[in-house]
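Chemist: Here is my input, please return the structure:
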Amino acid sequence: MTALRAIPALPFDALRGAIGIQRLARRAARAWGTLAVMVCALAAPAGIAQAQEGPQMNLRRVDLNAGMHRIDAQVALTPQERQTGLMHRKEMPAHEGMLFVFEQPSQQCFWMKNTLLPLTAAFIADDGTIVNLEDMKPQTLDSHCSTKPVRYVLEMNQGWFAKKGIKAGTKLGGTPFARQ
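Modeler: Here you go, the predicted model:
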């Protein structure tokens, strides 16, 4: 029979994220051994150390608008978030979308591998002006590209832009475009 040894407590700030998940894992490994590392890895947010298997639902959000039409957009900022995008989603509310943010304006091209919803991509200039719109068919590798270099791409349910009368040349509002 093995005796249990006392497990030292970690400061509450570490658990709240002030130290960060990697530092917490290192500290836990020293204090608790391998079992604690496995527990921390299981508690880590999806995508940090493993491939994305399902839809990403907990990205940060930003409010955008197209005139009087409000858009609640998840923000795909990191390469991993952008790569996963709206893959594996079976549904998305009508007023929601995903805003892909790139470091520099360039020609952006999108395809629909593992994406189950028909979408429209709005390729957007730095000032919020829609450069072009592209309807995209689910689960295809067809490439849909911006006609000019852009930093932003907004994906919405297919038909959303058309139903609202939003076309190339329409200017979107919101925090990402406010600094222009």
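
Chemist: contacting residues for His69?
Modeler: Residues near His69 by CB atoms under 8 Å, 6 or more residues apart in numbering: His95, Lys164, Ile166. Any C-beta I mention is one placed from the backbone N, CA and C, and that applies to glycine too.

Chemist: residues contacting the most centrally placed residue in the chain?
Modeler: What sits nearest the mean C-alpha location of the chain, by CA atoms, centre = their mean, is Ala76, with 2.9 Å. Counting by CB under 8 Å, 6+ apart, Ala76 touches Gln56, Leu59, Arg82, Thr84, Gly85, Met98, Leu99, Phe100, Val101.

Chemist: at 6 Å instead, please
Modeler: By CB atoms under 6 Å, 6 or more residues apart in numbering, the residues touching Ala76 are Arg82, Gly85, Met98, Phe100.

Chemist: just Asn65 next, same as before
Modeler: Contacts for Asn65 were tallied using CB under 6 Å, 6+ apart; they are Gly173.

Chemist: Tell me the secondary structure at it.
Modeler: Here Asn65 takes the strand state, with states given by DSSP: H, G, I helix; E, B strand; the rest coil.

Chemist: same for the longest strand anywhere in the chain, what does it pack against?
Modeler: Taking DSSP state E as the assignment, the strand of the chain that covers the most residues is strand 96-106. When contacts are defined as 3 or more CB pairs under 6 Å, 6 or more residues apart in numbering; DSSP states H and E, strand 96-106 packs onto strand 69-76, strand 150-157.

Chemist: next SSE after the first one?
Modeler: In the C-terminal direction, the helix or strand that comes right after strand 69-76 (DSSP states H and E) is helix 79-84.

Chemist: circling back: what about burial for the contacts of His69, which qualify?
Modeler: Buried members of those, counted by 16 or more other CB atoms under 10 Å: Ile166.

Chemist: Just put the contacts of His69 in CSV and tack on distance to Thr147 and pLDDT.
Modeler: Output for these, formatted as CSV (distance: CB to CB, whole Å; pLDDT from 0 to 100):
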residue, distance to Thr147, pLDDT
His95, 26, 96
Lys164, 21, 97
Ile166, 17, 98
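
Chemist: And the contacts of His69, which is closest to Lys137?
Modeler: Proximity of those to Lys137 was ranked by CB to CB; the top entry is Ile166 with 20.2 Å.

Chemist: who does the nearest residue to the closest one once chain neighbours are set aside bridge with?
Modeler: Spatially, and ignoring its direct neighbours in sequence, Ile166 is nearest to Ala66 (5.0 Å; CB to CB, 6 or more residues apart in numbering). Bridge pairing for Ala66 (DSSP bridges) gives the partners His69.

Chemist: do Phe110 as well
Modeler: When bridges are called by DSSP bridges, Phe110 pairs up with His144.
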